[in-house]
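Visitor: Mind folding the following:
(one chain, ligands or ions: 1)
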Amino acid sequence: MATDSTLRFSAQTDEVTSLLRIVNLVRTGEATTRPEIGEATGLGRGVVTQRIERAAALGYLADSDFGPSSGGRAPRTLRFQAERGRLVVCAIGALHIHVGLTGLDGDVTAQAHRDWDISRGPDETLEVALSMVDELLAAEEGAPIWGVGVGLPGPVDFASGRPVAPPIMPGWNNVDVRGRVQEHLGAPTWVDNDVNLLTYGERARRKALDEDLIYCKVGSGIGAGLLSGGRVHRGANGAAGDIGHVPVLGAETRCRCGKVGCLEAVASGWALVRDANAAIAAGEESSLSDVDPITPEQISLATERGDGLARALSERSARVMGDAIATLVNVFNPAVIVIGGAVAAAAGEAYLAEVRQRVYDRSLPLATRDLAIEQSIEDIREPIRGGAELVREQLFDASFARWFADGRPTIEAIFPAV
Ligand SMILES: [Zn+2]
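Guide: Alright, predicted model coming up:
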């Protein structure tokens with residue numbers, strides 16, 4: 001009878017839901033003993049025991065040490081078996097490739113880095129990135145790969161894992177990055193914008209599970225990642241936060257994307273390098289005239305030395321970024337803004353102070369009442385941690401119900417062929 005099967009189905013769904021919830025409570029450390037799990041879920045002792053037994057049989061949970069006693073017998077704690085799988089992250093930037101391995105807990109166990117120009121196209125770039133991953137895997141005995149996170153320096157359609165008309169990545173438009181990586185590594189793969197990876201890294205570092213945060217990257221490109229209630233907000237197509245090509249009032253410089261007056265064409269690392277070179281060619285005095293080639297890092301170092309040209313360029317970037325961030329603050333009302341990327345990082349506190357000034361001048365008092373504007377920690381492992389956080393979210397939050405019964409995730413279960 002239809003009613004019977006409906007009932008059975010919903011009962012089974014409840015069972016699965018509570019099982020996954022329990023695994024995730026233990027995995028995140030929110031509840032690790034049977035009494036704590038009972039309290040967190042509202043389930044009876046018998047049901048909790050049953051679910052834990054099933055989760056243990058599937059290999060997700062195991063008994064661990066005894067917890068602190070609250071009078072009677074000390075309860076045994078449970079632990080998530082993070083060593084059963086590994087995650088791979090490929091963070092591909094405009095001018096470098098950074099790859100790493102982590103456990104299911106997101107701890108980085110190996111990583112490698114090299115300079116690389118992404119404009120050499122998808123075939124060569126993915127081949128190099130994947131061979132770097134192969135090298136790490138060959139050097140480290142370990143568990144099977146459960147998931148892969150890939151970051152790219154341009155807009156990505158998150159659902160399909162394909163870049164969409166990325167301005168600085170000729171040949172990458174609509175390339176099936178997910179498909180190629182999955183074919184090579186044999187594990188479910190998620191592709192995201194590189195700033196979103198940094199935003200995930202910040203979420204993992206702060207354990208910001210319900211925070212409203214904006215991560216602004218001012219490097220060779222400019223972009224923002226939006227964390228809304230602890231979730232990365234991608235928008236309808238994955239383009240949310242891509243602020244590099246919004247127009248700056250009065251700016252007339254041509255951008256790499258072909259448009260005129262983009263934020264990136266005024267405030268990014270390559271814009272500063274372009275203007276430093278032009279000023280020196282025009283005869284302006286600067287310590288940068290001895291530097292070849294001039295890079296955003298060199299401009300920042302010169303700013304620290306007190307070089308007038310470098311300081312003026314850096315201040316202009318901070319001022320224009322401050323205005324753009326003020327708009328974001330009024331639209332999004334974040335609690336925290338984290339500013340990262342080579343331009344902002346090297347210029348340090350002076351950059352931050354200029355941004356703060358502009359944001360406070362141009363935002364509503366309510367939006368800035370509790371607003372914190374901070375520098376990112378600029379740890380080279382952040383994109384790896386962030387990529388692992390993305391994969392962990394997709395595995396254990398978004399798709400767990402589809403594969404948990406198999407004991408480990410598969411491409412077929414997570415991305416079934418249509
Ligand atoms: Zn542009």
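Visitor: pretty sure Gly149 contacts Arg392?
Guide: No - with contact defined as C-beta atoms under 8 Å, Gly149 does not reach Arg392; the gap is 9.0 Å. Placement of C-beta: from N, CA and C, glycine included.
Visitor: Identify the contacts common to those two.
Guide: Leu87 (C-beta atoms under 8 Å, 6 or more residues apart in numbering).
Visitor: more crowded one of these two?
Guide: Gly149 (30 against 23; other C-beta atoms under 10 Å).
Visitor: ok, what's across the strand from Cys90?
Guide: Cys90 forms beta bridges with Val99, Val150, as assigned by DSSP bridges.
Visitor: Tell me how far Leu226 lies from the ion.
Guide: 20 Å (C-beta to the ion, to the nearest Å).
Visitor: The closest residue to that residue other than its chain neighbours: how many residues sit nearby?
Guide: Using C-beta to C-beta, 6 or more residues apart in numbering and skipping the chain neighbours, the partner closest in space to Leu226 is His233 (4.2 Å). The number of residues packed near His233 is 16, by other C-beta under 10 Å.
Visitor: correct me, but His233 touches Ala239?
Guide: No - with contact defined as C-beta under 8 Å, His233 and Ala239 do not form a contacting pair (11.0 Å).
Visitor: give the contact list for Gly244.
Guide: Contact analysis of Gly244 by C-beta under 8 Å, 6+ apart lists Gly221, Ile222, Gly223, Cys262, Leu263, Glu264, Ser268.
Visitor: And Arg369, how far from the ion?
Guide: 33 Å.
Visitor: Secondary structure element holding the residue of the stretch 301-418 of the chain found nearest the ion?
Guide: Of all residues in the stretch 301-418 of the chain, the one sitting closest to the ion is Ala324 (12.8 Å; C-beta to the ion). Using DSSP states H and E, Ala324 sits in helix 308-332.
Visitor: So what touches the helix or strand following that helix?
Guide: Remark: after helix 308-332, the chain's next helix or strand is strand 336-340, criterion DSSP H and E. Identification of contacts with strand 336-340 by C-beta under 8 Å, 6+ apart yields 198, 202, 208, 211-219, 321, 325, 329, 351-352, 355, 359, 371-376, 378, 382.
Visitor: As CSV, could you dump the C-alpha coordinates of strand 336-340?
Guide: Only the C-alpha atoms of strand 336-340 are listed here, as CSV (Å, rounded to 0.1, in the frame of the first residue of the first chain):
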residue,chain,number,x,y,z
VAL,A,336,34.0,41.2,10.0
ILE,A,337,35.9,42.2,6.9
VAL,A,338,39.2,40.4,6.3
ILE,A,339,41.6,42.0,3.8
GLY,A,340,44.2,39.8,2.2
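Visitor: mind listing what's buried in the helix or strand following that strand?
Guide: Per DSSP H and E, the first helix or strand lying C-terminal to strand 336-340 is helix 342-347. Using 16 or more other C-beta atoms under 10 Å as the test for burial, helix 342-347 gives Ala342, Val343, Ala344, Ala345, Ala346, Ala347.
Visitor: Need those in JSON lines (columns: pLDDT and distance to the ion).
Guide: JSON lines is the format used below for the buried residues of helix 342-347 (pLDDT from 0 to 100; distance: C-beta to the ion, whole Å):
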{"residue": "Ala342", "pLDDT": "82", "distance to the ion": "19"}
{"residue": "Val343", "pLDDT": "84", "distance to the ion": "16"}
{"residue": "Ala344", "pLDDT": "82", "distance to the ion": "19"}
{"residue": "Ala345", "pLDDT": "77", "distance to the ion": "22"}
{"residue": "Ala346", "pLDDT": "71", "distance to the ion": "23"}
{"residue": "Ala347", "pLDDT": "73", "distance to the ion": "22"}
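Visitor: Which two of those have the greatest separation?
Guide: By the measure C-beta to C-beta, Ala342 and Ala347 form the most distant pair in the buried residues of helix 342-347, at 9.4 Å.
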